[in-house]
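> here you go, sequence then predicted model.
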Amino acid sequence: MSSGPVSSGPVSSGPVSSGLVIENLVAGYGGVTALNGVSITAPPATITAVLGANGAGKTTLLRAISGLVKPRQGNVLLDDQDLTGKTPERLARAGVAHVPEGQGVIAELTVEENLRIGMMSRRVTRADKVKSLAEAYDRFTQLADRRRKLAATLSGGERQMLVIARALLARPKVLLLDEPSLGLAPRVMAQVMDLVVRLSRDSGITIVLVEQNARAALAIADTGVVLNLGKVVATADARALAQDVALRHHYLGF
Amino acid sequence: MVEFMQFTLSGIVFGMIYSAIALSLVLIWRGTRLLNFAQGGMAMFTTFVAIEVIYKTGNYWAGFAAALAAGLVLGAVAEVIVIRPTIGKPQLNSVIVTIGLLIGLEGLAGILYGSQYRSFPSSFSITGIHLGRTPLGVSTSDVFVVVAVLAATLVLAVAFRYTSAGLRMRAAAFNATVARLSGIRVARVLTLGWALAGLLGALAGLLVSPSTFLYPNSMDTIFVFGFTAAVLGGLDSPAGAVVGGLILGVGLSYVGGYLGSGLTAIFAMALLVLTLMLRPAGIFSSGRLRQV
């Protein structure tokens, strides 16, 4: 499309991508400041676990990244592109997929309609749509049998698979997952965690994972970030964080 | 027996008009959780557009098309200019704004077209149809009313179910947050919803005006009946809107025919109050409250 040297063309997933960079983010609701100067760097194809107690600002962090809450200060950069303060629909088109906690499925729509919604943030031809859906059903076989069923009829685990499958159909660069293991049976939770690992390793998606279950999250994450009262109290290699007994007792409760 | 059949048939004809208004209210309600009090006023205004075009061109169908187009535009413009600034503010703000829009449109119609009653031509012949030697109490024009509303409803239903834009509208109505996170431009979807509601309202105005005359307040009663039909069927249910309109139309026709036309408004009001008392979510509600 554009002229100029081939080497500097707009390659979307080139080696120069710098992932998700959050600088000094401040956000809140009304008079409450839920997030008070948070900085996080999530390199491409890594998993960053965001941990902390209720009210630490974890969900607000994801909402501020995906545009559901307008940041009062700070920056959100994706591959060096400034996305601060953009609308959720604009951010979705820029490659940010946010799976909100426990409310991602549109129960009144069928499984397939939910999946088709995942492709509305990008330009797709009809053939492309069919192919992408087939791939999704290949990967999530339990959804294939229920494609004409209302999403309301799915189990908790199937719903979680559906929202992740839908997020993936957007071909995101960044996937924000809010409590994906919430309310799932241990075996199903293990499946979800396993899937998250494969998404970052195989598909190269940058993942920010908010979890109450710190132990499970740190087991699969590259980096752990601990939030408390809207501030980062620790950023470290996930394995090191899991072994920091004092920090674990103080903030993570295990 | 003949009388009963005539009341039933003419009730169905008026019921379809209430259905169209009810459907337009449901379209907006599902998208914005807002009751558009200006829906009748908008329909009145677009019918004045039709009458002007019919006088100028001498062609009924040119006026018909112009009114539908005006309905689309008026709905979209009303959403963008009047409603959008109230989104995110207390709900009462938007309600009052739609009432303001109604008063504004009625005032403007009075200034532009005067407030005298004007007769409005009908689509087809208004001579009654006979079955053998029995008069059915309805005309070709009445048949067109039913066909037009049914066709519009069917086209909308198919579009909602099978097109990408329809899926966008449903997604935005059921869960605006997820829709936005999926890249759907919900604001545009709402504008489209208002445009379609404007179109349906315009259709209702065209269909009802031959029997009511046209003046700035001419749609007020029709709006109340359409609103009653929508509540009866459940403000969330397009199918409910159509059935609610039919029930109300036939019911009002019996009350008017057997008990006297002075009682129709009271009957509608009683039906509205009863519905709100016994089944506030409408007769088509599954009893399911909002999911968490």
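That came through fine.

> residue closest to the middle of chain B?
Centroid check for chain B by CA atoms, centre = their mean gives B:Ile21 as the closest residue, at 1.1 Å.

> now do the helices in the chain.
Looking at chain A here, since you left the chain open. With DSSP state H as the criterion, chain A has helices at A:58-66, A:88-93, A:111-117, A:126-139, A:141-144, A:156-169, A:186-201, A:214-220, A:238-243, A:245-247.

> looking at chain B here, not the other one
Using DSSP H, helices in chain B cover B:2-32, B:39-57, B:60-77, B:91-113, B:140-162, B:164-174, B:176-181, B:186-212, B:220-233, B:238-254, B:264-278.

> as TSV, the ones you listed with distance to A:His249 and mean pLDDT would be great.
C-beta: built from backbone N, CA, C; applies to glycine. Putting these into TSV (distance: least, CB to CB, whole Å; pLDDT from 0 to 100) gives the following:
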stretch	distance to A:His249	mean pLDDT
helix B:2-32	49	91
helix B:39-57	61	95
helix B:60-77	59	96
helix B:91-113	46	93
helix B:140-162	54	92
helix B:164-174	43	91
helix B:176-181	35	92
helix B:186-212	44	94
helix B:220-233	57	93
helix B:238-254	56	93
helix B:264-278	56	89
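
> circling back to that earlier point, could you find the closest non-adjacent residue to the residue nearest to the centre of chain B?
Distance criterion CB to CB, 6 or more residues apart in numbering or on different chains; nearest residue to B:Ile21, sequence neighbours excluded, is B:Gly226 at 2.6 Å.

> neighbours of the one you found, how many?
For B:Gly226, the neighbour count with other CB atoms under 10 Å in any protein chain shown is 32.

> so for the closest residue to chain B within chain A, what's the nearest residue that isn't a sequence neighbour?
Among all residues of chain A, A:Ser121 sits closest to chain B, at 2.6 Å; criterion: CB to the nearest CB. Nearest non-adjacent residue to A:Ser121, counting by CB to CB, 6+ apart: B:Gly183, 2.6 Å away.

> I'd say the one you found and A:Val96 touch.
No - contact criterion CB atoms under 8 Å: B:Gly183 and A:Val96 do not qualify, at 9.7 Å.

> what residues does the stretch 151-254 of chain A put near chain B?
A:152, A:166, A:170 (CB under 8 Å from any CB of the partner chain).

> need the contact list for the second one.
In this structure, A:Arg166 makes contact with A:104, A:114-115, A:117-118, B:182, judged by CB atoms under 8 Å, 6 or more residues apart in numbering or on different chains.

> hang on, the earlier thing: export the helices of chain B to TSV and tack on distance to B:Gly128?
As requested, those are exported to TSV (distance: least, CB to CB, whole Å):
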stretch	distance to B:Gly128
helix B:2-32	9
helix B:39-57	24
helix B:60-77	20
helix B:91-113	31
helix B:140-162	9
helix B:164-174	39
helix B:176-181	49
helix B:186-212	13
helix B:220-233	23
helix B:238-254	15
helix B:264-278	21
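
> out of those helices, nearest to A:Gly74?
helix B:176-181 (20.6 Å; CB to CB).

> quick one: contacts of the closest one?
Residues contacting helix B:176-181 (CB under 8 Å, 6+ apart): A:66-68, A:87-89, A:92, A:97-98, A:100, A:103-104, A:106, A:117, B:168, B:171-172, B:186, B:189.

> format the CA atom coordinates belonging to it as CSV.
Taking Å, rounded to 0.1, in the frame of the first residue of the first chain, the C-alpha atoms of helix B:176-181 are listed here in CSV:
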residue,chain,number,x,y,z
ALA,B,176,-23.2,-3.8,25.4
THR,B,177,-19.9,-4.3,27.3
VAL,B,178,-19.1,-7.5,25.6
ALA,B,179,-20.2,-6.0,22.2
ARG,B,180,-17.8,-3.1,22.7
LEU,B,181,-15.0,-5.3,23.8
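
> just how off-centre is that helix within its chain?
The chain centre lies 28 Å from the centre of helix B:176-181; the measure is CA atoms, centre = their mean, to the nearest Å.

> now B:Leu278: how far from B:Gly251?
According to CB to CB, to the nearest Å, B:Leu278 and B:Gly251 sit 16 Å apart.

> now do A:Thr141
52 Å.

> the more surrounded of the two?
Remark: of A:Thr141 and B:Gly251, B:Gly251 carries more neighbours, 18 against 9, as counted by other CB under 10 Å.

> give me the most central residue, chain A.
Centre-most residue of chain A, counting by CA atoms, centre = their mean: A:Leu176, 1.4 Å.
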